[in-house]
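K.L.:
Give me a model of this one.
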Amino acid sequence: MRLLRRGGPPGKVLHAMRDRAVWAFDWDGTLIDSIGRTVATYRQIFAELEVPFDDALFRRHYAPDWRRMYRSMGIAEDLWPRIDRRWVELFETEVSALVPGVPEALDWLRTHGHRLALVTAGHRDRIELELRATGLEGYFETCVFGNEVPHQKPDPAPLLLTSRYLGVPTTEIVLVADAGDDMRMAKRAQALPVGVLTGAAQAGSLRAAGAQWVARDVVAAVATLRDG
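P.N.:
You can find the predicted model right below:
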């Protein structure tokens, strides 16, 4: 019978988290606490379009690749450019705060020999601005941005690029993220998917998408190594 650590990952998963060379992270909803602003932005945009929208719809349809979200909600494709322009006007007027404890957690990983990567569906211009604003510029050995990959999550392309840039196999990567598409991407790339609950997805949907363990947040995920 497999033994579980109380409140933590199964022993096999814990060992894999400890032994893998690279910890890769999503950005929105994982390291940065942006989900509240994301929901508020969509709520205003869809109100202007007179399209029904609420938190339940957001959680049901959310995907890192916003085009998949629009499509699943039945938004006409000719409206997407207008939505994207309005998104920039509303969302990018301020920078969300980091999830509490993130810098210390990343520092701990680095000082204990893990390499760090950022794998985000966000565009380079916005993410680099937010990295500077939150003090995380320079923390990651490589960054893969959504506007610089041939295919979006859940396609494995972003993690395959991460693997190539760092010169390690994908089997040496832990991916920590908040969305089902991230978990599916990691599973397809043969990385280790670890979910966090600081985004739109609930634990059950993350596990169904392939998460080997679901932590409260990034800090709790790292704490399993520190305290294990």
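K.L.:
Could you find the closest non-adjacent residue to residue 213?
P.N.:
Of all residues not flanking residue 213 in the chain, residue 9 sits nearest, at 3.7 Å (C-beta to C-beta, 6 or more residues apart in numbering). Glycine gets a C-beta too; all of them are placed from N, C-alpha and C.
K.L.:
how close does the one you found sit to residue 221?
P.N.:
Distance, residue 9 to residue 221, by C-beta to C-beta, to the nearest Å: 9 Å.
K.L.:
Please identify which of those two sits among more neighbours.
P.N.:
residue 221 (25 against 20; other C-beta atoms under 10 Å).
K.L.:
quick one, what contacts the more buried one?
P.N.:
Listed by C-beta atoms under 8 Å, 6 or more residues apart in numbering, the contact set of residue 221 reads 17, 105, 176, 194, 196, 213, 215.
K.L.:
Apply 10 Å and report the result again.
P.N.:
Residue 221 makes contacts with 8-9, 17, 23, 25, 30, 105, 109, 174, 176, 194-196, 213-215, as judged by C-beta atoms under 10 Å, 6 or more residues apart in numbering.
K.L.:
Just the buried residues out of the residues you listed, in ChimeraX syntax.
P.N.:
Command for ChimeraX that selects the buried part of the contacts of residue 221, burial taken from 16 or more other C-beta atoms under 10 Å:
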select :8,9,17,23,25,30,105,109,174,176,194,195,196,213,214,215
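K.L.:
Mark which of the contacts of residue 221 are part of strands, please.
P.N.:
23, 25, 174, 176, 194, 195, 196, 213, 214, 215 (DSSP state E).
K.L.:
What's opposite the last one in the beta bridge?
P.N.:
Here residue 215 shows beta-bridge partners residue 196, assigned using DSSP bridges.
K.L.:
ok, now which ones touch it?
P.N.:
Neighbouring residues of residue 215 by C-beta under 10 Å, 6+ apart: 7-9, 176, 194-198, 203, 206, 221-224.
K.L.:
Give me the nearest residue to residue 207, chain neighbours excluded.
P.N.:
Ranked by C-beta to C-beta, 6+ apart and with sequence neighbours excluded, the top spatial neighbour of residue 207 is residue 214, at 6.3 Å.
K.L.:
Might one say that that neighbour is in contact with residue 198?
P.N.:
No. The criterion here is C-beta atoms under 10 Å, and residue 214 misses it with residue 198 at 11.1 Å.
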